[in-house]
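Novice: Provided below for reference: sequence and predicted model.
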Amino acid sequence: MTILFVLAIISACTNKKTETIVAQPEEIPDYIIKLSQEQIDESGIKAGKIEKRKLSESLECSGNIDVLPKDRATISPVISGFVNDVFVNEGDYVKAGAILVSLSHPDFIALQQQYLENKSQVNYFEQEFKRQGELTVENAASIKNMQKAQAEYWTAQAAYKSAKTNLELLGIDPAIIDKGDFIKEFKVKAPIAGYVSNLRINKGRIIEPADAICEVINFSLVMINLNIYEKDLNKLKTGQRVVFFMVNDNKNKFITTIQNIGVQIDNTDRVVKAICKYNNVKGELHPGMYIGASILLNEKEVFCLPSSAVAEHKDKSYIFVKKEMGFEKQLIKTGLVKDEYIEIINPSADLLSSEIVVDGTYFLMTETDTEE
């Protein structure tokens, strides 16, 4: 009986010891960086996945904004005139046919007078030609007179047509002059719609045909002139994508394609022009602006990560893969770098499905340096 009691006590003690045994935590491998959630939040660590994007080599160049020749009109008068009124200001938008300035000059009055005189002469010589023709039928000796009348009629007709055309060039309807109503001033109109630029006149000034009153510029479609060095010319072809930006705002990017490549190399700078077009819907781009640009060469779709995901150390590239117990540092091979993305060459299937640190990589690098 005593023996049984002792065995019972021993058994109870054994069971009690078994109940108090605590499982030891799994040991974290040395290559895994373990951080608390607080450390992760404070260091701004964020994870993402490898994705496919189009990357390419690029040719960096500079250039400027311009407009197509058809979208820039230099306004000059057909004949000399004194400025009576100016109906526009610098920067005004005008429609095609809008009146820009009005001019007057004695020569303008003389032109109308000449038109009426020429028209009158046409009527006279026409009648004389008909009369001489009738006389010629009756008298063969008057053929010479008929030929003279014919020449005078044709000359008068040419002078009349010339005077009429000159009035039409000035925007004057000859039918008004036919009524005997002379017009004191002529108006210069915009040939295209656009914005008034380089307005160079004022009231009272005399303007000659060789003088420019202003320009009217339509920059809803702009032309991008890229300066390409002679040595890079063989890298270009039409259709290549171009990413460009204003030199004073390199964060705002615009995308276009090469439309034409020039054939003449500048003797001074040894550059040739590559021409692009861009629909300037928002009106952000103005003629004369300087730009920087990247021409995308050999564009291809590759696996990539944000450049912030890759840390460089001793000429090697590393990333950090998110694991259940922490973050694992892995060596990778990189390729093209473009637009804040970097190519990951031949990633494994496991890596493609893994979450990878895209922000906070260099913080983790400092942690590995500390541990080492």
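Specialist: Arrived safely, thanks for sending. Numbering: from 1, shown residues only.

Novice: domain-wise, how is the protein divided?
Specialist: Per automatic domain parsing, the domain ranges recorded for the chain read 32-49+310-371, 60-69+218-296, 77-212.

Novice: who are the contact partners of residue 155?
Specialist: Neighbour list for residue 155: residue 125 [criterion: C-beta atoms under 8 Å, 6 or more residues apart in numbering]. Bear in mind the C-beta positions are built from the backbone N, C-alpha and C, glycine included.

Novice: against residue 168, how distant is it?
Specialist: 21 Å (C-beta to C-beta, to the nearest Å).

Novice: again, but for residue 221
Specialist: Separation of residue 221 from residue 168 (C-beta to C-beta) stands at 31 Å.

Novice: comparing those two, which shows the higher neighbour count?
Specialist: Per other C-beta atoms under 10 Å, whichever of residue 221 and residue 168 has more neighbours is residue 221, with 14 against 11.

Novice: what sits against that one?
Specialist: 67-68, 71, 277-280.

Novice: repeat for residue 178
Specialist: With contact set as C-beta under 8 Å, 6+ apart, residue 178 has these partners: 116, 119.

Novice: quick one: it from residue 164, how far?
Specialist: Taking C-beta to C-beta as the measure, residue 178 falls 10 Å from residue 164.

Novice: same check, this time on residue 127
Specialist: Relative to residue 164, and taking C-beta to C-beta, residue 127 is found at 20 Å.

Novice: and if you look at residue 321?
Specialist: 85 Å.

Novice: what do you get for residue 223?
Specialist: Counting by C-beta to C-beta - residue 223 and residue 164 are separated by 38 Å.

Novice: so these two - more neighbours on which side?
Specialist: Neighbour count, other C-beta under 10 Å: between residue 223 and residue 164, residue 223 has more, with 21 against 17.

Novice: wait, is residue 63 part of a helix?
Specialist: No - Residue 63 sits outside any helix when classified using DSSP: H, G, I helix; E, B strand; the rest coil, being strand.

Novice: name all residues that make contact with it.
Specialist: Residue 63 touches 224-227, 244, 290-291, 293, counting by C-beta under 8 Å, 6+ apart.

Novice: give me the nearest residue to it, chain neighbours excluded.
Specialist: Nearest residue to residue 63, sequence neighbours excluded (C-beta to C-beta, 6 or more residues apart in numbering): residue 226, at 4.1 Å.

Novice: center of the protein - which residue?
Specialist: Per C-alpha atoms, centre = their mean, the C-alpha nearest to the average position across the chain is that of residue 278, at 3.8 Å.

Novice: right, and that residue touches residue 285 too?
Specialist: Yes - counting by C-beta atoms under 8 Å, residue 278 does reach residue 285; the two are 6.8 Å apart.

Novice: what touches both of those two?
Specialist: Each of 222, 254 lies in contact with both residue 278 and residue 285 under the rule C-beta under 8 Å, 6+ apart.

Novice: sorry, back to before: in strands, which of the contacts of residue 63 fall?
Specialist: 224-227, 244, 290-291, 293 (DSSP state E).

Novice: would you say residue 82 is within a strand?
Specialist: Yes - according to three-state DSSP, the state of residue 82 is that of a strand.

Novice: who does it form a beta bridge with?
Specialist: residue 104, residue 206 (DSSP bridges).
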